[in-house]
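S.K.: The amino acid sequence is not available; the structure is as follows:
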């Protein structure tokens, strides 16, 4: 089990950083946290299937679940997480 998992306010900060990063790189996205503040979804603005769900974010570990259920996990800094999210969103178009 992961220790130091980002939830609540820490997760919201990461969701905001992800949304800002994606928009700066030309992606029109909406980011929304789940009710428990344990994950956030990234979707296209307006209608459309979500690109991915970001969850299980530890101090230096992360998990991104694509819309088709494929799960990507890895270790790295917040910048690494943002880069992976950007790649997932980019490949989902």
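M.R.: Right, received. Where do you want to start? The structure displayed is predicted, hence computed values, not measured ones. Numbers count the residues shown, from 1 in each chain.
S.K.: where does this protein dip in pLDDT?
M.R.: Counting by pLDDT under 70, the chain shows low-confidence ranges at 1-4.
S.K.: Surely residue 12 is in a helix?
M.R.: Yes. In this structure, residue 12 lies within a helix as judged by DSSP: H, G, I helix; E, B strand; the rest coil.
S.K.: Contact partners for the closest residue to it other than its chain neighbours?
M.R.: Once flanking residues are discounted, residue 12 sits nearest to residue 33: 6.0 Å by C-beta to C-beta, 6 or more residues apart in numbering. In short, each C-beta sits where N, CA and C put it, glycine included. Contacts here follow C-beta atoms under 8 Å, 6 or more residues apart in numbering; on that basis residue 33 touches 11-12, 15, 39-40.
S.K.: Show me which of the residues you listed is closest to residue 53.
M.R.: Residue 53 lies nearest to residue 39 out of those, by C-beta to C-beta, at 5.3 Å.
S.K.: Phi and psi next, for the closest one.
M.R.: phi -160, psi 160 (degrees, to the nearest 10).
S.K.: Please determine how far it is located from residue 14.
M.R.: Taking C-beta to C-beta, to the nearest Å as the measure, residue 39 falls 11 Å from residue 14.
S.K.: where do the contact lists of the two overlap?
M.R.: When contacts are counted by C-beta under 8 Å, 6+ apart, residue 39 and residue 14 are jointly contacted by residue 54.
S.K.: residues of the helix or strand hosting residue 83 that come out buried?
M.R.: Take DSSP states H and E as the rule and residue 83 turns out to sit in helix 78-91. Going by neighbour count (16 or more other C-beta atoms under 10 Å), the buried part of helix 78-91 is 78, 81-82, 84-86, 88-89.
S.K.: swap in stretch 50-64?
M.R.: Neighbour-count burial for stretch 50-64 flags 50-57, 61-64 (criterion: 16+ other C-beta under 10 Å).
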